[in-house]
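Q: Pasting a predicted model and its sequence here:
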Amino acid sequence: MSSVRLRLDLAYDGTDFAGWARQPGLRTVQETLEDALARVLSGSPPRVTVAGRTDAGVHARGQVAHVDLDPEVWAGVPGRSTRTAGESLQIRLTGVLPRDVVVHRVAEAAPGFDARFSALRRLYAYRVCDDPMLRDPLRRTSVLWHRRPLDVDAMHAAAQLLLGRHDFAGFCKPREGATTIRTLERLSWTRPVEGADTGLLVARVQADAFCHSMVRALVGASLAVGEGRRPVTWPADVLAARRRDPSSAVAPALGLTLEEVTYPPDDELGERAALTRAVRSPDDVDPTPVLPSGCC
């Protein structure tokens with residue numbers, strides 16, 4: 001009998017984790033979640049696949065994962081409870097997980113669903129505080145404290161020159177056999193005037209997928225522009241060169257949060273997964289940056 005695929009929606013504080021993926025001798029989100037599943041299901045740790053493998057110190061508010069279970073195990077989750085299997089598993093996981101990991105929802109996934117390959121896009125936020133009066137010690141693990149004032153308009157203008165489908169090798173740590181071609185759909189810098197982020201600088205970064213350290217490298221380049229150390233056009237020059245600039249710093253992990261993962265309608269999940277698995281051609285790149293209307 002085929003297994004039952006479950007979708008898990010979860011969040012975590014990445015401060016005390018060495019990233020998502022299991023690593024010998026290190027505390028990771030994957031190991032924590034898989035061990036919790038093994039505990040409540042009374043079996044070996046099941047393999048969990050995640051939408052975005054976050055690095056050490058990176059947080060997640062809208063992470064998505066999937067896990068495959070034996071149908072008999074899944075049917076037995078509620079026990080004598082009148083709750084659904086999904087509700088029961090979510091409640092039981094809450095009872096054994098540490099406080100820095102929360103599973104909000106568990107449900108049977110639609111046919112063809114793959115947490116990683118079915119995703120259309122991921123949205124990250126990076127938060128920076130450059131005003132000493134706004135520094136909140138209660139948010140010290142999720143907001144970067146920056147000593148110098150930043151020019152948010154210059155940062156946003158520089159970001160717009162990077163939008164589109166490109167080879168982002170200049171903003172990635174290369175991995176053998178992995179493509180660095182991505183479609184950057186959004187990179188905006190704002191200073192909100194209301195809400196929890198009032199007065200902070202907030203980057204919203206959205207793409208079909210991200211290569212290793214890409215978001216933090218983009219943020220690091222933006223900070224150099226915001227400080228006035230680099231011109232607005234410099235990040236686009238790094239992009240065009242397709243190689244890392246030795247003077248370009250990667251922003252610290254603590255300011256970064258995975259906010260949302262978007263999926264297509266249920267009847268398109270399998271098709272999307274197959275498309276994502278296809279190898280991207282190195283030549284399938286926009287020759288010039290996409291300039292939105294009204295940009296300088």
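A: Sure, I can see it.

Q: which SS class is E268?
A: Recorded secondary structure, E268: helix (DSSP: H, G, I helix; E, B strand; the rest coil).

Q: For the residue positioned nearest the centre of the chain, name its beta-bridge partners.
A: Centroid-nearest residue in the chain: L258, 3.8 Å away (criterion: CA atoms, centre = their mean). Beta bridges link L258 to A60, Y124, judged by DSSP bridges.

Q: Next up, the contacts around it.
A: G52, T54, V58, H59, A60, R61, G62, Q63, R122, L123, Y124 (CB atoms under 8 Å, 6 or more residues apart in numbering). All C-beta spots, glycine's among them, are computed from the backbone N, C-alpha and C.

Q: The last one against G255, yeah?
A: No. In this structure, Y124 sits apart from G255 without contact. The criterion is CB atoms under 8 Å, and the distance is 10.1 Å.

Q: Okay, H59 and G76: tell me how far apart.
A: H59 sits 34 Å away from G76, going by CB to CB, to the nearest Å.

Q: Ok, L162 next?
A: Remark: distance between L162 and G76 (CB to CB) = 50 Å.

Q: what are the ranges of the helices in the stretch 151-296 of the chain?
A: Using DSSP state H, counting those that start in this stretch, the helices assigned to the stretch 151-296 of the chain run over residues 152-160, 214-226, 234-241, 269-277.

Q: Distance from the longest one to the middle of the chain?
A: In terms of CA atoms, centre = their mean, to the nearest Å, the gap separating the centre of helix 214-226 from the centre of its chain is 16 Å.

Q: for it, packing partners?
A: In terms of contacts (3 or more CB pairs under 8 Å, 6 or more residues apart in numbering; DSSP states H and E), helix 214-226 is packed against strand 121-129, helix 152-160, strand 181-190, strand 201-207, helix 234-241, strand 256-262.

Q: What is the nearest of the contacts of L258 to S3?
A: Nearest to S3 among these: Q63, at 21.7 Å, using CB to CB.

Q: so the closest one sits in a strand?
A: Yes. Per three-state DSSP, Q63 lies within a strand segment.

Q: Report the separation between V238 and D55.
A: 20 Å.

Q: again with V106
A: 25 Å.

Q: quick one: which of those two has more around it?
A: Taking other CB atoms under 10 Å, V106 and D55 do not tie; V106 has more neighbours (23 against 20).
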